[in-house]
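coordinates for the following, if possible.
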Amino acid sequence: MCGIVGFVTAVDQTTPETPFNHHLHLNNRPNDSEVTGDRLFSGKQFLFSGLKKLTYRGYDSCGLALMADENTKLATDEEQLAPNYKIALQKSSGKVSKLEPLLDYLPNHAVLGIAHTRWATHGPPTSINAHPHRQRGLALVHNGIIENAEELKNNLKQKNYLKPVFLSDTDSEVALSKLYELTQLYSTFEEAVVTLSELLEGSFTMAIISEKDYDKIFVIKQGSPLVLGFSDVGAFLASDAFAIQSYAKKLLFLEDGDVGILSHNFYQALTGVSGSLKTQPGQTYHDLNLTSFSSSEDDDDLGDAPHYMYKEIYEQPRVLSQLVSRFLAPNSHSLNHTELGLTKLNLNMITHIHIVGCGSAFYAGLLGALALEGEAGIPCGVSQGSEYRYRSPIITPHTLVIAVSQSGETADTLASVNHALDAGAQVLAICNVEYSSLSRTATSSLLTRVGSEIGVASSKAFTAQVLSLYLLALEFGTIKGIPVPFPSQQLSQLRTALEQTLDLEQNIKIIASKIAGEKSCLFIGRHTGVAVACEGALKLKEVSYIHAEAYPAGELKHGPLALVDSQMYLIAIVPKDNHYTKMLSNIEEVCARGGKVIAVCTEEKDTRLTGLCQHIISVPTLASPLLQSLCCTIALQLLAYHVAVHLGHNVDQPRNLAKSVTVE
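Model (predicted):
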């Protein structure tokens, strides 16, 4: 949760604000020297642009702070005044767009700056609770939860000589007040920052600036991600490399426990595992031993799509087809072990598998477990990342833990991974982000590479996770010598089937208008349909705010049937598979109680089914239940999307949610 971005330039290279195109196509992007030449760098515009890219991490309040020389505007050609650097600050409740008019009140010259977009943990989303917090020449932005904040606050209140004044409800302001106290106890600001990092408990990734150290940003990384970037413009920091990719292609990913100082041409490590970096005379940032970063910025472009969620739903036929092509070994019906992340695993050691994930990733894991047990005969359990550690799972060196996360920064999933590694397991990450904490922590990684998913409600990332787990199961079956025919024809038909599912949009839109007036919905299914129903219910509640629950259809009689009446819509996942007849019986039970049924099926000509249902969504047929589930899922994504649009909700940024859940 929360997004942090910052920059620091050389003091003698601060430049006035000039227009800068932050949406240049990658292939036409000017090099860094052009950025600092014809297209001058604007600090406040960079921060604002970075916040817009980070809104998926939180969007209920925001702010930015610049370090500027107040005497610049007073100086004349005849008289040069001594520098007097002060922190200028603007904050706002609400989304990042509300911050834009406030930029005019910030200085055009700045040597550095920090900014923050918030997902509220302590106190409501108000401008007072927004970051950066500022007091007594210091300012701070924070991502995480400080678990001992109340204890620190009570301690500070007892020290009258400090005269602490807490304006906000946040734990972050408590940390800033504590830092000020430490500056009175230690001779250097570096010592105060390091001591602060040792006193805090919980997750607390921070960027801190001080008017006395006006050309440096002090950073602490604990829990939530933080990446540093370097270019000829200066140095940058962000919660996600995506926010700084237009400016920096050389990156340093900080690790937990790192505390350091960022200046325009160096990073000085104070504690932690990441070493110091500095360009020497005659060197540029190109000479530093850093990660080279490249990615497409096209994902940030909505094009003609009305919302990112809509755009990402429609990208699925293409990106899933590309995923299959990448995983298939050239000119064969086998799969590429390198792309699947298998080359770094000791496959002979694996006797059982645990899958962990949160939200949609957990439901992808449910489908993956069906494939791994069905196609490969490997015992497989699935746990929610938030609960995995607490149930004392049996982990041995023969355990493979598959950790599923779109962002690779999900706090509970990362905690599960560390728990598994400490217990001696191997860990395979299924992730969309190559440089994520999960990818760097796991034994090996399977990268879905479907492009940035900006809509908070997962679409293409989920289906890519399911498809990856299916292909992984096929290869595990091959390794174990299980004689299962390779589904070449079905995989070749997948793109067409997904495109045909999208062609159902107009019918789905009509059905969505019927659901939009409901207060609650039930989703049911059997086998793969259970996980599809769970994901469909999650999508509906995420973006439409309609209460939705999902159950195995066989569980209806064990309680949920009591909810069914003439006001209740029930969405049934009914592909023509081995469970079809039983599903029809369950639907009849609902109809007998007056319930209204919407069927997502493959047999629209079955008069028994059509006679029971108010509405039918008939998706293309694929022989593999796992591949069939992708068609059903996309239909439910469109259903949830159009319900939310009909109700006038912001589908890309649902209330109370954020994309990357970096707190437990």
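
skip the chain neighbours and tell me the closest residue to Lys178.
Nearest residue to Lys178, sequence neighbours excluded (C-beta to C-beta, 6 or more residues apart in numbering): Leu152, at 5.4 Å. In this view, the C-beta of every residue, glycine as well, is placed from N, C-alpha and C.

nope, Lys53 is what I was after
Ala243 (4.4 Å).

distance check, the one you found against Leu540.
Per C-beta to C-beta, to the nearest Å, Ala243 is found 30 Å from Leu540.

go on, Ala130?
31 Å.

ok so, going back, and the residue nearest to Lys178, what does it touch?
By C-beta atoms under 8 Å, 6 or more residues apart in numbering, the contact list for Leu152 reads 146, 174-175, 178, 199-200.

tell me the strands in the stretch 301-450 of the chain, going along the chain?
Ranges of strands in the stretch 301-450 of the chain, per DSSP state E, counting those that start in this stretch, are 352-357, 380-384, 399-405, 426-431, 444-447.

quick one: low-confidence parts of the stretch 151-300 of the chain?
Along the stretch 151-300 of the chain, segments meeting pLDDT under 70 span 161, 278-289, 293-299.

low pLDDT regions in the stretch 551-664 of the chain?
662-664.

quick one, helices of it?
580-592, 607-612, 625-647 (DSSP state H, counting those that start in this stretch).

looking at the ones you listed, which is buried most?
Here the criterion is mean neighbour count by mean count of other C-beta atoms under 10 Å, and of those the winner is helix 625-647, at a mean of 25.

and that one, how far from the chain's centre?
Averaged C-alpha coordinates place helix 625-647 at 21 Å from its chain's average position (C-alpha atoms, centre = their mean, to the nearest Å).

may I have it as CSV, with CA atoms only?
Only the C-alpha atoms of helix 625-647 are listed here, as CSV (Å, rounded to 0.1, in the frame of the first residue of the first chain):
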residue,chain,number,x,y,z
PRO,A,625,-11.3,-27.9,-17.8
LEU,A,626,-8.5,-25.6,-16.9
LEU,A,627,-8.5,-23.9,-20.3
GLN,A,628,-12.3,-23.8,-20.2
SER,A,629,-12.1,-22.0,-16.9
LEU,A,630,-10.3,-19.1,-18.6
CYS,A,631,-13.3,-18.5,-20.9
CYS,A,632,-15.7,-18.6,-18.0
THR,A,633,-13.5,-16.2,-16.0
ILE,A,634,-13.4,-13.6,-18.8
ALA,A,635,-17.1,-13.7,-19.1
LEU,A,636,-17.4,-12.9,-15.4
GLN,A,637,-14.8,-10.2,-15.6
LEU,A,638,-17.0,-8.4,-18.3
LEU,A,639,-20.1,-9.0,-16.1
ALA,A,640,-18.5,-7.3,-13.1
TYR,A,641,-17.1,-4.5,-15.2
HIS,A,642,-20.4,-3.6,-16.7
VAL,A,643,-22.3,-3.8,-13.5
ALA,A,644,-19.9,-1.3,-12.0
VAL,A,645,-20.0,1.0,-15.0
HIS,A,646,-23.8,0.9,-14.9
LEU,A,647,-23.7,1.9,-11.2
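
Glu312 and Ala464: what is the separation?
Glu312 is 11 Å from Ala464, where distance means C-beta to C-beta.

can you give me the buried ones in stretch 94-114?
Residues 95-96, 99, 102-103, 106-108, 110-114 are the ones in stretch 94-114 that count as buried (16 or more other C-beta atoms under 10 Å).

what's the answer for stretch 257-274, then?
Applying a neighbour-count criterion of 16+ other C-beta under 10 Å, one finds 258-268, 270, 272, 274 buried in stretch 257-274.

widest-spaced pair of the residues you listed?
By the measure C-beta to C-beta, His264 and Gly272 form the most distant pair in the buried residues of stretch 257-274, at 21.1 Å.

tell me how far stretch 182-194 is from the chain's mean position?
34 Å.

from here on, count from 2
Got it, the first residue is 2 from now on, which makes the last one we talked about stretch 183-195.

what are the contacting residues of it?
139, 163, 180, 196-197, 209, 211, 213-214, 219, 221, 260, 262, 271-272.

go again using 10 Å as the cut-off
For stretch 183-195, the external contacting residues (C-beta atoms under 10 Å, 6 or more residues apart in numbering) are 137-139, 160, 162-163, 179-182, 196-197, 200, 207, 209, 211, 213-214, 217, 219-221, 260-262, 269, 271-272.

helices along the stretch 2-151 of the chain, start to end?
Here the stretch 2-151 of the chain has its helices, by DSSP H, counting those that start in this stretch, at 33-37, 44-54, 150-158.

re earlier: neighbours around the residue nearest to Lys54, how many?
By the criterion of other C-beta atoms under 10 Å, Ala244 has 28 neighbours.

same question, Ala534
Ala534 has 28 nearby residues by other C-beta under 10 Å.

phi, psi of it?
Backbone torsions of Ala534, given as degrees, to the nearest 10, read phi -60, psi -40.

if I look at it, what pLDDT would I see?
If you check Ala534, the pLDDT there is 98.

contacting residues for the closest residue to Cys632 other than its chain neighbours?
Leaving aside its chain neighbours, Cys632 sits nearest to Val620 (4.1 Å; criterion: C-beta to C-beta, 6+ apart). By C-beta under 10 Å, 6+ apart, Val620 lies in contact with 498-499, 501-502, 505, 574, 576, 601-603, 605, 629, 631-637.

give me that answer again for 8 Å
Each residue near Val620 by C-beta under 8 Å, 6+ apart is listed here: 498, 501-502, 505, 576, 601-603, 629, 632-633, 635-636.

can you give me the buried ones in stretch 330-340?
336-338, 340.

that one - what's its average pLDDT?
What stretch 330-340 shows for mean pLDDT is 82.

do the same with stretch 457-464
Per-residue pLDDT over stretch 457-464 has a mean of 96.

quick one: residues in contact with it.
Residues from elsewhere that reach stretch 457-464 (C-beta under 8 Å, 6+ apart): 57, 310, 313-314, 316-317, 320-321, 360-362, 364-365, 407, 433, 449, 451-452, 454, 536, 540, 543-544, 631, 634-635, 638, 641, 652-655, 658-660.

chain center to it, what's the gap?
10 Å.

start and end of it, how far apart?
Chord length of stretch 457-464, first to last residue, is 15 Å (C-alpha to C-alpha, to the nearest Å).

got it, and stretch 198-213?
Using C-alpha to C-alpha, the end-to-end distance of stretch 198-213 comes to 20 Å.

need the contact list for Leu65.
Residues in contact with Leu65 (C-beta under 8 Å, 6+ apart) are 45, 48-49, 52, 90-92, 100, 107, 114-117, 133.

out of those, the closest to Met569 would be?
Distances from Met569 to those, taken by C-beta to C-beta, are shortest for Leu52, at 42.0 Å.

okay, the residue nearest to Cys632 and Phe190: tell me how far apart.
61 Å.

and what of Lys154?
From Lys154 over to Phe190 (counting by C-beta to C-beta), the distance is 22 Å.

before we move on, what about Gly366?
For Gly366, the distance to Phe190 - C-beta to C-beta - is 46 Å.

and for Ala498?
Ala498 is 60 Å from Phe190, by C-beta to C-beta.
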